[in-house]
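Novice: sequence-free structure coming up:
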């Protein structure tokens, strides 16, 4: 893989998102950034190129549903992986039907996240 | 193949097991709460108390309970609903700090693996550090299994029936697990009965059952095998089957697989709650689960649903209607 995968972590839990950016950074082929809300994610995406978004479900303001809809409406060329502490199967199905690539339940290992990020990137670039 | 083993008699015991589960979970939560801080401890103690109380009330109605005051029944129903919300909230609140603890352990692992990290400590200490970090991971995994199962238990207790496309529902669930297991060469096959038509059931609850059965089947296969999901009509109504090509279940274990906390997985790999939750949900929907398995011949779990919505006798609030 020649180009790095650009990942945006969207989570209102500051420790979680900052740690995740550090841990994703251990992978040589991932460059990660983080924001704390759905609104900030949309602003960030408008200004920066990105491949994969890791999106928390429950956040103040624009939650996952609204953020995902707006990402799709704006036709940003990103895959979205849902990363949540709220293990509701129904949410997962609804978000997958809204176009999310996959979902992960917290807590999960960074290895697991990297695996899904790589799948999402490969599927987007048609590998 | 053995004839399908009907587990309906086990269903009656499930409610009692659930009460035991909540009592145990409650005790565990109070302990955990004591370690985590006073405010959380208080919240957990309240939740555990309501849980044990509510289940005890449901399991052992007093002899004159048919004459229970309507107000009292309403309060009871409200407490059950509150319990569901509290446990879902607790599980969600705990998952986030658990995730952060896991991340920190990973970061420590990373630091320890850096060249030169060992030079400061003697090799024995470095080894011990690595072992203790592995223990943090294992314990985070255990807590995660508990919180994820708490969420499954905390779902609202009354079923909401609607006409459901069973094949579509199963397809949604297969999509959630398929990619995960493709890497191990597990193939998911679909065999839908095109004449089945809409099934009157609670799709939210059936999804939970299907997801548990699919994950179990894939774990039983491990790698290189198939999981076949079929729908059809049994003698008593619509049904679906999840069949795997795994190692099968021994006759001794077959009698125990629906018992809460029974698991054949190594410690820390499973809570043993998945199938007991599935059976509890199937029973609540007026159906049951049968299993057909023998060592070396894989396993097939069939969820039988009633052909029409079932009146829910155990729900006290349902009997309020004139």
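Specialist: Looks like it came in fine. Keep in mind the model is a prediction, meaning the values are calculated, not measured.
Novice: every contact and neighbour count from this point should use C-alpha atoms.
Specialist: Will do.
Novice: residues contacting residue A:98?
Specialist: Listed by C-alpha atoms under 8 Å, 6 or more residues apart in numbering or on different chains, the contact set of residue A:98 reads A:65, A:68, A:69.
Novice: residue A:13: what's it in contact with?
Specialist: By C-alpha under 8 Å, 6+ apart, the contact set of residue A:13 is A:36, B:96.
Novice: which of the contacts of residue A:98 fall in strands?
Specialist: The strands, defined by DSSP state E, take in nothing from the contacts of residue A:98.
Novice: pick the one among those closest to residue B:254.
Specialist: Using C-alpha to C-alpha, residue A:65 is the member of those that sits closest to residue B:254, with 41.9 Å.
Novice: the lengthiest strand in chain B pairs with which strands, parallel or anti?
Specialist: Secondary structure assigned by DSSP E gives strand B:225-233 as the longest strand of chain B. Here strand B:225-233 has these sheet partners by DSSP bridges: strand B:186-191 (parallel), strand B:238-244 (antiparallel).
Novice: hmm, back to that, would you list the contacts of residue A:98 in CSV and tack on pLDDT?
Specialist: Formatted as CSV, the contacts of residue A:98 follow (pLDDT from 0 to 100):
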residue, pLDDT
A:65, 90
A:68, 94
A:69, 94
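Novice: returning to what we had before: any idea which of the strands paired with strand B:225-233 gets closest to residue A:109?
Specialist: The nearest among the strands paired with strand B:225-233, by C-alpha to C-alpha, is strand B:186-191 at 22.2 Å.
Novice: for the closest one, which residues meet the burial criterion?
Specialist: By 16 or more other C-alpha atoms under 10 Å in any protein chain shown, the buried positions in strand B:186-191 come out as B:186, B:187, B:188, B:190.
Novice: pLDDT (mean, whole number) over that strand?
Specialist: Average pLDDT, strand B:186-191: 94.
Novice: mind listing residues that contact the helix or strand that it is followed by?
Specialist: Heading C-terminal from strand B:186-191, the first helix or strand you meet, by DSSP states H and E, is strand B:199-201. Residues outside strand B:199-201 that contact it (C-alpha under 8 Å, 6+ apart): B:159-166, B:238, B:285, B:305, B:307-309.
Novice: so where do the strands sit in chain B?
Specialist: B:5-6, B:162-164, B:186-191, B:199-201, B:225-233, B:238-244, B:288-293, B:299-304.
Novice: how about those, which one is nearest residue A:92?
Specialist: Ranking these by proximity to residue A:92 (C-alpha to C-alpha) places strand B:162-164 first, at 18.0 Å.
Novice: what helix or strand does the closest residue to residue A:65 other than its chain neighbours sit in?
Specialist: Excluding the flanking residues, the one nearest residue A:65 by C-alpha to C-alpha, 6 or more residues apart in numbering or on different chains is residue A:95, at 6.8 Å. Here residue A:95 is covered by helix A:89-97, with elements defined by DSSP H and E.
Novice: below-threshold pLDDT in the chain: ranges please.
Specialist: By default, I'm working from chain A. Along chain A, the model assigns pLDDT under 70 to residues A:1-2, A:87-89, A:127.
Novice: oops, chain B please
Specialist: B:1-85, B:117-121, B:151-159, B:260, B:266-271, B:310-322.
Novice: excluding chain neighbours, what is closest to the one residue in chain A that gets nearest to chain B?
Specialist: For chain A and chain B, the shortest gap (C-alpha to the nearest C-alpha) falls at residue A:107, measuring 4.1 Å. Sequence neighbours aside, residue B:99 is the residue nearest to residue A:107 in space, at 4.1 Å (criterion: C-alpha to C-alpha, 6+ apart).
Novice: give me every residue that touches that neighbour.
Specialist: Residue B:99 touches A:16, A:106, A:107, A:108, counting by C-alpha under 8 Å, 6+ apart.
Novice: re earlier: now, of the contacts of residue A:98, which are buried?
Specialist: Buried, going by 16+ other C-alpha under 10 Å: A:65, A:68, out of the contacts of residue A:98.
Novice: which of the contacts of residue A:98 fall within helices?
Specialist: Counted as lying in helices by DSSP state H, out of the contacts of residue A:98, are A:65, A:68, A:69.
Novice: does anything pack onto the helix of greatest length in chain A? Which helices or strands?
Specialist: Criterion DSSP H: the longest helix present in chain A is helix A:110-124. In terms of contacts (3 or more C-alpha pairs under 8 Å, 6 or more residues apart in numbering or on different chains; DSSP states H and E), helix A:110-124 is packed against helix A:14-24, strand A:52-55, strand A:79-84.
Novice: residues of stretch B:223-237 that come out buried?
Specialist: Within stretch B:223-237, the residues that count as buried by 16+ other C-alpha under 10 Å are B:223, B:225, B:226, B:227, B:228, B:229, B:230, B:231, B:232.
Novice: and those, which is closest to residue B:126?
Specialist: Relative to residue B:126, the closest of these is residue B:223; by C-alpha to C-alpha it sits at 34.7 Å.
Novice: what's the closest non-adjacent residue to that closest one?
Specialist: residue B:184 (4.7 Å).
Novice: residues in contact with the helix or strand hosting residue A:9?
Specialist: In this assignment (DSSP H and E), residue A:9 forms part of strand A:5-10. With contacts defined as C-alpha under 8 Å, 6+ apart, strand A:5-10 is touched by A:17, A:20-21, A:29-38, A:41, A:49-56, A:118, A:121.
Novice: just the buried members of those residues?
Specialist: A:17, A:20-21, A:29-38, A:41, A:50-56, A:118, A:121.
Novice: who in the stretch 201-322 of chain B is up against chain A?
Specialist: B:204, B:207, B:208 (C-alpha under 8 Å from any C-alpha of the partner chain).
Novice: right, is the very next helix or strand once past the helix holding residue A:95 up against chain B?
Specialist: Next helix or strand after helix A:89-97 toward the C-terminus (DSSP H and E): strand A:102-105. Yes: using C-alpha under 8 Å from any C-alpha, strand A:102-105 reaches chain B at A:102, A:103.
Novice: can you list contacts of strand A:102-105?
Specialist: Contacts to strand A:102-105, defined as C-alpha under 8 Å, 6+ apart, come from residues A:80-87, A:92, A:96, A:113, A:116, B:176.
Novice: what's the farthest-apart pair in those?
Specialist: Longest span within these, C-alpha to C-alpha: A:86 and A:116, 18.6 Å.
Novice: who's more crowded, the two?
Specialist: A count of neighbours by other C-alpha atoms under 10 Å in any protein chain shown puts residue A:86 above the other of residue A:86 and residue A:116, at 23 against 20.
Novice: so that one touches residue B:96, yeah?
Specialist: No: using C-alpha atoms under 8 Å, residue A:86 is not in contact with residue B:96, being 9.3 Å away.
Novice: which residues are in contact with both of these two?
Specialist: Common contacts of residue A:86 and residue B:96, defined by C-alpha under 8 Å, 6+ apart, comprise residue A:106.
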